[in-house]
Every structure is written in C-alpha cells, then in structure tokens.
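**Q** next input, structure requested:
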Amino acid sequence: MNILLVEDENRVADFIRRGLSAEGWSVDHAADGEEALEHAASNTYDVILLDLMLPGIQGQDVCRKLRARKSKTPILMLTALDSPEEKVEGLKIGADDYLPKPFDFDELIARVEALHRRATNYAVDASDTVVTSGSLTFDRESLQVCINGEEIEMSKKERDLLLLFLTNPGRVLSRERILNAVWGLNADPLTNVVDVYVGRLRRKIGDEGSRIVTLRNVGYRMN
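**A** Model (predicted):
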C-alpha cells in the first residue's frame, strides 16, 4: 500500500512513518499543504493521511483542491480539533474519515485498512469463527487451539498473540504493534515480554513454530 502522510510536526510524522513502514507499506511525507499537492499530482496513493493544522495551505484547503482535481484517493484527516462541527466540515469537503489526536496506533492502522478495502471493494468475512492455517486451527468462540485436531493448552496472552499472527499472515508485525495489541497501551515499551512470549508460542505449536520468523530490529512475521 502506498500512503501519503501530510504532517508538519517532524516528531509526529517520524513516529507515524516508522509505524506504517513496519506494516510493510510505502510512505511519502509532505510537511506542508503545497508539498502535499505536488506529491499527489505526481504519484498514485492508496490512502492520504492529512493533518489539518498545516503551515501555508491548510489541510481543509488541501482536501478541497484534491477533490476539485477529481482525486478519488481516500483521505483520513488527523487533527487535534475534534469538535462535532470540525468533523462534519471535514467530511463535507471530501474527507472519508476523521481521527482526532492523540490516537491509538492500532486504530489508525485499522482505519487505513478499512479505507483501502472500501476503495478496492475488498470485503473481509468477519463471520468466520474458526481460523485455519497449516495444521493449526483457532476457534474464536470456544478459544480452542488445535494442531491436527489435538487441543493445545495456552494462556490468554499466548492465544491473543497466536490469533494476531494468524489474522495477519505474511505481514511484518513490529514489536511495538504486538505489544500494543496484546498487552495494551500502558505496557513498558522497553520490556522484552514480546520476545519471551513468541519463544513460548513457538515451542507450544511445535513444527508450526518455525513459520514465525524473526526480523532483526523490526519484529516478526508468520509465513
């Protein structure tokens, strides 16, 4: 997925860019509205993340100009202005979604993926209760994990971690994303709990554990 990030605060932009890149996505960064319009004119993007408070051309005007050019690229507005009036205005001028700052990074990822699915008419069947991968099966309702039909005992965190891998096949998951998804926002980012639990999970699922690949200084991927 190709994403254009329009954000004037370098610290915030770097955090978002690194997180999106860890998902395996390509990210171009524009620090102001004029640069954003130049990027959009010369490149094709799947989603545009647009901050509203920008130097020079404001985010609302960037959105208006893009829609005036007949651009159909989904636009997700990011802003500290989260009043109902601001949201309504943003949606009226052509934005597809609105996420107030500060935001949960997993929510940002989910909204970007939802916009991309909507734009490409790609549907996910959320009714499947059993996830199957190789010899592994995970029943979301009974919380049973089986290998070749034989149930494996797991703790809640081990099940949560396995489900995260199973529902993101082939995708690189950064340690930060795993920590956030399984242990929550208040977890210590310097802890090695992710590596410890990945090791436990590999041992519990036997030969299937070799499918969980370590990407040094990045995170993990389940092939």
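**Q** what's the burial count for residue 174?
**A** Using other C-beta atoms under 10 Å, residue 174 has 20 other residues around it. All C-beta atoms are positioned from the backbone trio N, CA, C, and that covers glycine.
**Q** residue 140 and residue 172: what is the separation?
**A** 24 Å (C-beta to C-beta, to the nearest Å).
**Q** which of these two has more neighbours?
**A** residue 172 (18 against 13).
**Q** show residues contacting the worst-scoring helix or strand of the chain on mean pLDDT.
**A** When each helix and strand of the chain is scored by mean pLDDT, DSSP states H and E, helix 84-92 comes last, with a mean of 75. By C-beta atoms under 8 Å, 6 or more residues apart in numbering, the surrounding residues in contact with helix 84-92 are 52, 60, 63, 77, 79, 98.
**Q** out of the residues you listed, which is most surrounded?
**A** If you rank these by neighbour count (other C-beta under 10 Å), residue 77 sits at the top with 28 neighbours.
**Q** got a list of what that residue touches?
**A** 50-52, 59, 63, 90, 95, 97-99.
**Q** care to break the chain down by domain?
**A** 2-120, 130-222 (automatic domain parsing).
**Q** can you give me the strands in this structure?
**A** 2-6, 26-30, 47-51, 75-79, 97-100, 130-133, 136-139, 144-147, 150-152, 172-174, 212-215, 219-222 (DSSP state E).
**Q** what about the last one, distance to the chain center?
**A** In other words, strand 219-222. 15 Å (C-alpha atoms, centre = their mean, to the nearest Å).
**Q** what mean pLDDT does it get?
**A** Strand 219-222 comes out with an average pLDDT of 91.
**Q** pull the CA atoms of that strand into CSV?
**A** Extracted in CSV, the C-alpha atoms of strand 219-222 (Å, rounded to 0.1, in the frame of the first residue of the first chain):
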residue,chain,number,x,y,z
GLY,A,219,9.7,-7.6,14.6
TYR,A,220,8.1,-10.9,13.5
ARG,A,221,6.3,-12.4,10.5
MET,A,222,4.3,-15.6,10.3
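**Q** what's in contact with it?
**A** With C-beta under 8 Å, 6+ apart, strand 219-222 has contacts from 22, 133, 165-166, 168-178, 198, 211-215.
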